[in-house]
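**Student:** all I have is the shape, not the residue letters:
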């Protein structure tokens, strides 16, 4: 089969399309023929390894896994311990090595898709969609009537977070660049702040901090007395520590204030993917896809994603 391989860290130039053996499937896994696989921050981190934590987790000198995580496709085989998934079923899920014709994935990280769901859209759910869901529902505990600020609102996670906060009944203020304001409004934001031209102001019950240009202190000043700050992932300050220092400061300060300050890295699981897949099928949730490119052009897809120009998601198709 053909797959994107990476034998060293660096720029997208290190990615190559190669013929490799079909991966072995464990008893708790499914084998999926990839229809689409989306690009996300985790793929970018594994590519460049600018954060030392990446090398500690995935290989000091070279990555121990092939690139790609979130995918959609058709089940071609199921392991002996798998139930609820069948050959021929359309699914989406997460697994390493998703930029490939065939993918093995833990059944617990896969969810079935309703008939007619666009596989390109579905491929955006397992990482960016689930991250937004866990930020809004589990960590932000967003509820009806609350005022919610979403930074990085035009990105892959941000576009989902705006919609999910609106579906929860919140009044959403979104932070993004000037060319993306109309899109973010169409997703449900009642107010849009152009961070390049105006200060981020207001008072919020919940801040979903995906890509804030603000210090932790200034971010806290925007919260109500008992407000909640949810820092998504470890890339808030885009430094080599991936925002870890800022995140740790939030965790250390939280016990000593009436505000709740937290950060998290999403937990991949089929149940949350299924929740989002149902919303996608019903039309209550849309996936914002900027660009779709073939598997052979994965390096170009990563190059475009890393440029910061993308609105929403970049997707590779099989």
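**Tutor:** Everything's here; your move. This structure is a prediction, so every number in the text was calculated from the model and none was measured.

**Student:** quick one: the residue nearest the centre of the chain from residue 210, how far?
**Tutor:** Closest residue to the average C-alpha location of the chain: residue 128 at 2.0 Å, with CA atoms, centre = their mean. Using CB to CB, to the nearest Å, one gets 10 Å for the distance from residue 128 to residue 210. Placement of C-beta: from N, CA and C, glycine included.

**Student:** quick one: average pLDDT of stretch 108-116?
**Tutor:** Taken as a whole, stretch 108-116 carries a mean pLDDT of 96.

**Student:** sorry, wrong one. I was asking about stretch 17-37.
**Tutor:** Mean pLDDT, stretch 17-37: 96.

**Student:** which parts of the stretch 1-150 of the chain are strands?
**Tutor:** In the stretch 1-150 of the chain, the strands defined using DSSP state E, counting those that start in this stretch lie at 2-6, 15-19, 29-38, 70-78, 90-94, 102-106, 110-112, 147-150.

**Student:** what about stretch 282-295, start to end distance?
**Tutor:** Taking CA to CA, to the nearest Å as the measure, stretch 282-295 stretches 29 Å from start to finish.

**Student:** er, stretch 251-267 actually
**Tutor:** Taking CA to CA, the span from the opening residue of stretch 251-267 to its closing residue is 19 Å.

**Student:** and the contacts of that stretch?
**Tutor:** Counting by CB atoms under 8 Å, 6 or more residues apart in numbering, stretch 251-267 makes contact with 127, 130-131, 134-135, 139, 216, 220, 223-234, 247, 250, all of which sit outside it.

**Student:** among those residues, which ones are buried?
**Tutor:** Burial by neighbour count, judged by 16 or more other CB atoms under 10 Å, picks out 127, 130-131, 134-135, 139, 216, 220, 223, 227-234, 247, 250 from the contacts of stretch 251-267.

**Student:** got a list of what the residue lying closest to residue 76 once chain neighbours are set aside touches?
**Tutor:** Among residues not flanking residue 76 along the chain, residue 31 sits closest, at 4.8 Å (CB to CB, 6 or more residues apart in numbering). In this structure, residue 31 makes contact with 22-23, 25, 75-78, 102-104, judged by CB under 8 Å, 6+ apart.
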